Structure formats: C-alpha cells, structure tokens
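Undergrad: could you look at this predicted model? Sequence included:
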Number of protein chains: 2
Amino acid sequence: MLFKDITILDENLEVREHMYVGTKGDRITYVGTGAPCDAQKAAGEVDTDRVIDGKGKLLMSGFYNAHAHSPMTLLRGYGENLPLQEWLNDRIFPFEDQLSGPAVYAGTLLAMAESLRYGIVSTSDMYYFPDDMAAAISDSGAKNNFSRSVTCFDDRDLKDLPAGREMVHAFETYNGAADGRIKVDMSLHAEYTNPDKIVRQLAELTSSLGANMHVHVSETKSEHEECKARHEGRTPVKYLDDCGLFATPTTAAHCVWIEGEDYDILKERGVTVAVNPISNLKLASGVCNVPALFEKGINVAIGTDSVSSNNSLNYIEEMKVFAIASKMMYHAPEAVSPVETLRAATIGGAKAQGRADCGVLKEGYKADLVMIDIDTPWMYPVHNLVTNLVYSASGSDVVMTVVDGRVLYEDGEYATIDIEKTKAAVTEETNKILARL
Amino acid sequence: MLFKDITILDENLEVREHMYVGTKGDRITYVGTGAPCDAQKAAGEVDTDRVIDGKGKLLMSGFYNAHAHSPMTLLRGYGENLPLQEWLNDRIFPFEDQLSGPAVYAGTLLAMAESLRYGIVSTSDMYYFPDDMAAAISDSGAKNNFSRSVTCFDDRDLKDLPAGREMVHAFETYNGAADGRIKVDMSLHAEYTNPDKIVRQLAELTSSLGANMHVHVSETKSEHEECKARHEGRTPVKYLDDCGLFATPTTAAHCVWIEGEDYDILKERGVTVAVNPISNLKLASGVCNVPALFEKGINVAIGTDSVSSNNSLNYIEEMKVFAIASKMMYHAPEAVSPVETLRAATIGGAKAQGRADCGVLKEGYKADLVMIDIDTPWMYPVHNLVTNLVYSASGSDVVMTVVDGRVLYEDGEYATIDIEKTKAAVTEETNKILARL
C-alpha cells in the first residue's frame, strides 16, 4: 500500500504534511517527503498495488487498548445505575455464570468490530473462555494479548484450579498464534480475589513460562485499604511485588489509589499502568494520578475497561477523558498534554504488550495504522493538529484501520467480519442467557 | 414530513418502537402507532411530501446547548495546556481583541454547522458582535438565545458602556427574529468582572425589558471565594440575588462551587443551572454537584461552553461526561441516570431558553428533532436503549437534525450552510487575526 500526499504523526508524534508512507507485507517500509522512486518500487520495497490519496486525512500509529474484557459487550447497558456491589452481585456475576462458548465468540467478535471501527489495532484482554476468544480474535485479524484470569476463594493449589489449567493450555496453544498477532499473558484477577498461596504460585508459574502478567490493582479505595488491613499495612502494589508478581513484564490496570512508595516500585519493576478513565468515572472509583505517573517516568497506557462499565470502545473519546479528568482531579490544567496522551495511546500500549516493533509510524515497524478524517467541521481552524485530534475529533472520524499491513476496516466496511451476522449473533446469545436467568 | 416505523423517545423519554411521527410546517402534528389515516392526510394535518423510513433509527427531541460562546470556534486549540490566567491573559484576550465582524460571522456559522451535525437545535450563546452573530444564526436556520455580555472595570453607568448600548440594540433588533428562532437575552458576564453598580443597573434593565438573564456563576473556587471576601461573606448566588439579578428567568452557567443556601435561592428563583462538564474538567475548575441540583428540584441543563475549552460541540459526548463525572466526584455510581441526563439535554435546555413549546417529541410541540442511527456495532445488544444512547452512542451517530420542521442537516449534507466555504472562511479569518498579533 502507498499512502500519497498525506499528513502523518511521525515517530516523535510530530505533524508532517505532504508525506508518502509505503507498506510491504506487514511492515512499514517507506516514509518520505516524496513518492518512492522507481528503483525502490522495482526492488519491491513498497507494495504499490494500492495507492491511497491522503487529501484531508491523517495517518498515524493505530491505538493500543491496554485493558479490556472484550466479551462483556454482551453486558453492555445491563444492570446500570446501581451501587457497585449490587451491580456485580445481582447483575454481572449471575449473567456471567450463564456464558457459553458461542456467546463469548460472538461478544468478542463484536468488540473487535467496534475496536477496529474506532482505530484500536490491539487489545490487552482479561477474561474466560480462551478458546472462543482466540477464535474470534484470530478471525477478526486484530492483535490481542489475552489472558485467562485467576480468581480463587478456597485453599486449592493453582494447578488444581480450572483457571490454572486453562491459562497454561491457552499459553501453550495460542501464544504467538495468528502470525504473532495473538499473545497470551498470565493474569491474576486481583489481590482481593485470591489467597496468598495462589498469588505466589502464579508469580512463579509466570516467571517459569517467561510470560507477561496482567492484573487489576487499587481500582477502588476500599480494595486498596482492605489489602493494607489484610497484609500488615502493605498496599496492593507492595504486596504483589513482595509475592514476586512483577518479576515479569506486567500491566497493572487502574492504579487509582496507589500511593507513596507504590510509584517507586512500579517504576523500578518496569510495570505499565493501564489507565481506564471513563470506567473509573462511571463506577465512581476515582481518577488515576496520571501526572504523577508521568513525573515518575512510569510507562502509561490507556484502556477502555469493559463496555459494561464504559459503555463503548470509542478510543478518541477515551483519550480526551484521560487528559481532562486528570487536569481537574489534580488541579493542573497544564498537565497531561495531547502529545503525552497520544504516546500513551500508541507506543505506551504497544510496549505494555511486549510488541517492540509496534506503536510507531516508522520504517521497519509493523504496519498497524489508522487513517483519520481531518477535514471535518470540528477540526477547523488548525492552530494545533495534535490538540485538535485529542480534544476535538470524534471517535468515528477514523476512516481506515490497518493491522499488519492488512486493511481490516474502511469507510463502514469490514474485511474480516460479517457485521450484520455478528450483531444478530450477539442479540441471540444475549437473549438465550437472559432466558436462563 | 412523515417518519415511518421508527423508534422514538416519547414525551416521557420512554422508548416506543414502530411509531409514526408527522410534522406540518414547524410543528409535530402526529405521533401514533399507525400511519395517519387518509382523512388526516386529506385534512392537511401532516405534510406527506416526504416519507422517511425509520428502520434502525431513533427519533427524539433535538438537543439544547444551554451555555456556549459560539464564535470561539476561531480559538479552537489555541493556547492550550497553560495555567488558566496565563491562557486567558497571554492568549485568549489578545486574540479576542483582534476579532472582526466577518471573523465572528464565520466562526458562528462553523459552530452552527458543528452543532447541527451533533444534533444541537438551539444554543444559548454569550459573546460580542451581536449583529454578526445574528446574521450567522439566522442564515444557519438554527435556534439561538444570544446575549451581548457586559464586563466593566471602571465607574461608568451601564448606559454609557458600549456593551450596554449594544445589548439594548440587539434586544430591540433581534429578539423574536427569524420567526422566533432567535431570542435575545441580557447577560452579566460574572460578578467578578463587574462593579456593584453595573450589576444592579443591569438587573433593573433586564426586568424592565422582560428579558432573560444569562450569567457565569461560581465557575472556579477562587472566583467563588473572592466574591465572599468582597461582599461580606456572600456567595456569588447570594450576592447576585440580592442585586435582583434573578428577578427574571435566569441561566446560571457552571455553578461548580455553589454551597449551602445557594441551592435554596436557585430553586426559589427558578434559576436554571447550565452544567458544562467537559470544560470544567479541562480547565481544572471542578465538577458541578448535579445530584444535589436534582435532589433540590432545580432545573438542570447541559452546555458545551466554548470550543476553546472543550474543544468540540459533540453533544452526546457531553451528556456522557455530564453523567459520569458526577458519579465519580460525588461517590455515587447510581446518581444522574441516563433519563435524567436526556431530560437535562432536551426539555431542561428548552425551558432555560424560555421555549415552552420545545424540547419534547409530542403533538403540538415544535418539530425540533434528531434522528440517530441505532444500528451501529456499539448499540448492540439492547438491554436498555436509553442507556446505550447516553453511554455508548457516538456523537456522529446523529444522521438528521430538524429545526422548526426543516431538515438542516442530513447524512453529511447541510441545507443552509456551504461547509467548504465556511471552513475556508474560518481559516482565512483566523490567519488574519494571527498576523495582527
């Protein structure tokens, strides 16, 4: 593919106009101010089977959704406006108890469709039913780091838990599948949903497998304080670190209530914080102190969390709320700039997923790209295009999403997903579950 | 127009499927479960010149933007990421000093285009250059309550201020213009930008004219506290009430820092609070206590504020943040329901504008309508359509905006606005201003 005369956000997220970007296979192979020369074309350095006119468009790295539970599309708008515990115990958990493989497949595929529509090229997912998730992700063409998260409320060993067996099975079966698009992470659901023994066994298993870790940390104040009460004053970050959980590359989702020494531990262990601003507002959990994370030099990424607490995967909207919620909460209108936001949305997420060759529009990197319409009324005037992109653009301004050089979404059409069939399947599977409740 | 077999939000904002809605001239003349009968058509009760298939669509009242500064589109993304005073003094005020009539016309017209695209049928505006604003609003076909706001930093009388003369001129010239689409309000910019004499003179003038009042109140903590220091401990609400400002129907924008007795005064005087959630987050002002306003029975409406502090007029996004910011800030995930949010967005705003026959999809009301695509991936499954609309829909899902029975926006096309010319004019006028700075 060759994008012709297009505005780009380059490797430093700086705006460059009238650029040419070429791909070959799954890689970006050319970025220049003029068209690739005939010699380059002849040498097959750029696929020129398709030339895309870039007038009025912006090309940049696709977005990396650093924390999600994709199959929960099935619960979008279910059991709303309830206090947290009532919402979970009376609505979410009973519904999830009735999930089936086909339901998870349909829900995941719909999430992938919505993700691609909004420019998300890769998602870090935490859920159950790994076989069905793997099938849907593979079929969609998107990238995904998925994990089968562990919760345990008794005294069994990890190896005796279905979750433990399923996660090892998923790792052995799917890690690196779909040409590397799929990676499998290990996942501890959270400190408060597991006994000490499981946390330590899982930390050990994860290290021995050389896998990545994905874990919920300090999402709510009560969870944070109860951990301290349970573990001699240690915060979830301190406790999990003591258990060895951060020995492998880790994504810690939420981190709304982390404090003091927690920041040092996260920085030292190279943990990524996946911030979920909309979900944290909607569930009244609080606002992650993103300015403090940046100041400490911690890797920050952005997640949507599940659509049952969001309730969409509108990534540009998520970026906007990521920036403005922090400004308000920490009394700093100048904190969390548009460029810092875009960095978290792209390379921050790619880094969290252990995808060193992703998240940057640069020769040699994977061709994970989004093309955005910048000729809309709300993108005028252009005092600063990056500012307009984060604060003024609509999620639906994404007109093309490319993963590993393959166009998966373009102008309302999906290359890999039968969207009408998927919507119908989600409705059908949801109704089956509701009928059983 | 006849909308056929469409899902609607009725006068109680309840979902009704397979409905028929007819308009004649500027009114909704038919709402029923079947098509209007031949006798009704023959009697000319419904215009049947155009029949619109409602499959996959939702029809509801249009949105009322209760607080904006439309011409500030010209400053979208200008001087971002600065502390508030630096932003205002070094960037916004010098730019505004260079504004011209043609610039304000172009900026207002672009704001109307963006508003219509996002389903806003009417806006409460506060700015300068009333003649140019009136021209742009009139040309756009949208509704607007605009005001020429007063600021004064010396000891002149209201009648000797250009602002005073211009506001009376605007009221006499434009109030009720464009078939009633345009209304002119009086406006005190704020307590902190005017001496006591001006506040009292303006209150008196407004009462004598029988006009509405539009005023900024307690947007920032410092403004709120400084008022108390200046005025014997009285809050802005208490002080302005003592000056008689609330004797006429008033929209008080922001009200982030109101406290105690303020709620009683606002309720007693029938003041509408226009909440501007995104601007308040972005400028780090705080979060209005919407649950407390609802509990008190105060009329609540939703505003976008200017795009220089938002930076878009994406109204569905604004509704979402309106609900979720309150949930977080006041530790109440169950507060500010989707239906309460939609009520504020429609009838709450129409009431604030003194438009008693607007803001409701009901026979006899003005045909100010939006049609929204509800067949998108993010609107599935449908556990609750109203919840999906507020939390899951994208602002760009609006496919048609109707004002007084006239289709002003439909599927990317404007009936009244040459959008390419308008974008070019905004760019040109912006560049002229920048060249003078």
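TA: Arrived safely, thanks for sending. Numbers count the residues shown, from 1 in each chain, chains lettered A, B, ... in the order given.
Undergrad: show me the contacts for the residue most central in space within chain A.
TA: Nearest to the geometric centre of chain A sits A:Asn65, at 1.7 Å (C-alpha atoms, centre = their mean). Counting by C-beta atoms under 8 Å, 6 or more residues apart in numbering or on different chains, A:Asn65 makes contact with A:Ser115, A:Ile120, A:Ser122, A:Thr123, A:Ser124, A:Ile302, A:Gly303, A:Thr304, A:Leu313, A:Tyr315, A:Gly349. Backbone N, C-alpha and C define where each C-beta goes, glycine included.
Undergrad: try 6 Å
TA: Neighbour list for A:Asn65: A:Ile120, A:Thr123, A:Gly303, A:Thr304 [criterion: C-beta atoms under 6 Å, 6 or more residues apart in numbering or on different chains].
Undergrad: same deal with A:Leu9?
TA: Contacts for A:Leu9 were tallied using C-beta under 6 Å, 6+ apart; they are A:Met60.
Undergrad: beta-bridge partners for it, please?
TA: Counting by DSSP bridges, A:Leu9 is bridged to A:Val15.
Undergrad: can I get the contacts of A:Asn65 in CSV with neighbour count?
TA: Converted to CSV, the contacts of A:Asn65 look like this (neighbours: other C-beta atoms under 10 Å in any protein chain shown):
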residue, neighbour count
A:Ile120, 30
A:Thr123, 28
A:Gly303, 30
A:Thr304, 32
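Undergrad: could I get those in a markdown table, plus columns for pLDDT?
TA: Formatted as a markdown table, those follow (pLDDT from 0 to 100):
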| residue | pLDDT |
| --- | --- |
| A:Ile120 | 98 |
| A:Thr123 | 98 |
| A:Gly303 | 98 |
| A:Thr304 | 98 |
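Undergrad: tell me which of the residues you listed fall in helices.
TA: The helices, defined by DSSP state H, take in nothing from the contacts of A:Asn65.
Undergrad: and those as a markdown table, adding distance to chain B?
TA: As requested, those are arranged in a markdown table below (distance: C-beta to the nearest C-beta, whole Å):
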| residue | distance to chain B |
| --- | --- |
| A:Ile120 | 12 |
| A:Thr123 | 15 |
| A:Gly303 | 16 |
| A:Thr304 | 11 |
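Undergrad: just to revisit the earlier point, gap between the residue nearest to the centre of chain A and chain B?
TA: 14 Å (C-beta to the nearest C-beta, to the nearest Å).
Undergrad: ok, now A:Ser218?
TA: 15 Å.
Undergrad: for A:Val360, same thing?
TA: 23 Å.
Undergrad: these two touch, right, that residue and A:Asp10?
TA: No: applying C-beta atoms under 6 Å as the test, A:Val360 and A:Asp10 come out as separate, 8.7 Å apart.
Undergrad: the two: which is more packed in?
TA: The neighbour count for A:Val360 versus A:Asp10, taken as other C-beta atoms under 10 Å in any protein chain shown, is higher for A:Val360 (23 against 16).
Undergrad: list phi and psi for that one.
TA: With angles defined as degrees, to the nearest 10, A:Val360 sits at phi -140, psi 130.
Undergrad: wait, what's in contact with it?
TA: A:Val360 touches A:Glu11, A:Ser61, A:Ile347, counting by C-beta under 6 Å, 6+ apart.
Undergrad: hmm, 10 Å instead?
TA: A:9-13, A:28, A:60-61, A:343, A:346-347, A:350, A:366, A:368 (C-beta atoms under 10 Å, 6 or more residues apart in numbering or on different chains).
Undergrad: ok, A:Asn431 next?
TA: Taking C-beta under 10 Å, 6+ apart, we find A:Asn431 in contact with B:Pro381.
Undergrad: same thing with A:Lys57?
TA: A:Lys57 neighbours (C-beta under 10 Å, 6+ apart): A:3, A:5-8, A:371-375, A:397, A:399-400.
Undergrad: near chain B, which of those show up?
TA: By C-beta under 10 Å from any C-beta of the partner chain, the members of the contacts of A:Lys57 lying near chain B are A:Asp375, A:Asp397.
Undergrad: show me the two of the contacts of A:Lys57 that sit farthest apart.
TA: Taking C-beta to C-beta, the two most distant members of the contacts of A:Lys57 are A:Asp5 and A:Asp397; they sit 19.1 Å apart.
Undergrad: neighbour count: these two, which is higher?
TA: Comparing A:Asp5 with A:Asp397 by other C-beta under 10 Å, the one with more neighbours is A:Asp397, at 24 against 15.
Undergrad: right, and A:Thr401 touches A:Ser61 too?
TA: No: in this structure, A:Thr401 is not within contact of A:Ser61 by C-beta atoms under 10 Å, at 11.3 Å.
Undergrad: these two: which has the busier surroundings?
TA: Ranked by neighbour count (other C-beta under 10 Å), A:Thr401 and A:Ser61 place A:Ser61 first, with 31 against 27.
Undergrad: and A:Ile372, bridged to which residues?
TA: Residues in beta-bridge contact with A:Ile372 (DSSP bridges): A:Leu58, A:Val398.
Undergrad: what sits against it?
TA: Contacts of A:Ile372 (C-beta under 10 Å, 6+ apart): A:7, A:9, A:56-60, A:119, A:316, A:379, A:389, A:393-395, A:397-400.
Undergrad: and if you look at A:Val407?
TA: By C-beta under 10 Å, 6+ apart, the contact list for A:Val407 reads A:1, A:50, A:52, A:116, A:141, A:367, A:369, A:371, A:400-401, A:413-416.
Undergrad: same question for A:Lys296.
TA: A:Lys296 neighbours (C-beta under 10 Å, 6+ apart): A:Asp262, A:Tyr263, A:Asp264, A:Leu266, A:Lys267, A:Val273, A:Asn289.
Undergrad: among those, which are in reach of chain B?
TA: Within the contacts of A:Lys296, nothing lies near chain B by C-beta under 10 Å from any C-beta.
Undergrad: so which strand or helix has A:Ser187?
TA: Per DSSP states H and E, A:Ser187 falls inside strand A:182-190.
Undergrad: neighbours around the nearest residue to A:Ala356 once chain neighbours are set aside, how many?
TA: Spatial nearest neighbour of A:Ala356, excluding adjacent residues (C-beta to C-beta, 6 or more residues apart in numbering or on different chains): A:Ala350 at 7.8 Å. A:Ala350: 27 surrounding residues under other C-beta under 10 Å.
Undergrad: distance of A:Ala350 from chain B?
TA: Distance of A:Ala350 to chain B, given as C-beta to the nearest C-beta: 24 Å.
Undergrad: which strands or helices does the strand or helix carrying that residue pack on?
TA: Using DSSP H and E, A:Ala350 maps to helix A:349-352. Other elements packing on helix A:349-352 under the criterion 3 or more C-beta pairs under 10 Å, 6 or more residues apart in numbering or on different chains; DSSP states H and E are strand A:63-68, strand A:120-127, strand A:143-148, strand A:250-254, strand A:272-275, strand A:300-302.
Undergrad: just checking: what are the partner strands of the third one?
TA: Each strand that strand A:143-148 pairs with, and the sense of that pairing, follows from DSSP bridges: strand A:120-127 (parallel), strand A:182-190 (parallel).
Undergrad: just the angle for it relative to strand A:63-68, thanks.
TA: 10 degrees (axes from the mean of the first three to the mean of the last three C-alpha atoms, to 10 degrees).
Undergrad: try the second one
TA: Here strand A:120-127 runs at 10 degrees with respect to strand A:63-68, directions being taken by the same axes, to 10 degrees.
Undergrad: let's see strand A:120-127 as CSV, backbone CA atoms only.
TA: Provided in CSV are the C-alpha atoms of strand A:120-127 (Å, rounded to 0.1, in the frame of the first residue of the first chain):
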residue,chain,number,x,y,z
ILE,A,120,-7.9,0.1,18.0
VAL,A,121,-5.4,-2.3,16.4
SER,A,122,-4.6,-4.4,19.5
THR,A,123,-6.2,-5.1,22.9
SER,A,124,-5.0,-6.4,26.2
ASP,A,125,-7.9,-8.6,27.3
MET,A,126,-8.6,-10.4,30.6
TYR,A,127,-11.5,-12.9,30.6
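Undergrad: distance from it to the middle of the chain?
TA: Taking C-alpha atoms, centre = their mean, to the nearest Å, one finds strand A:120-127 lying 4 Å from the centre of the chain it belongs to.
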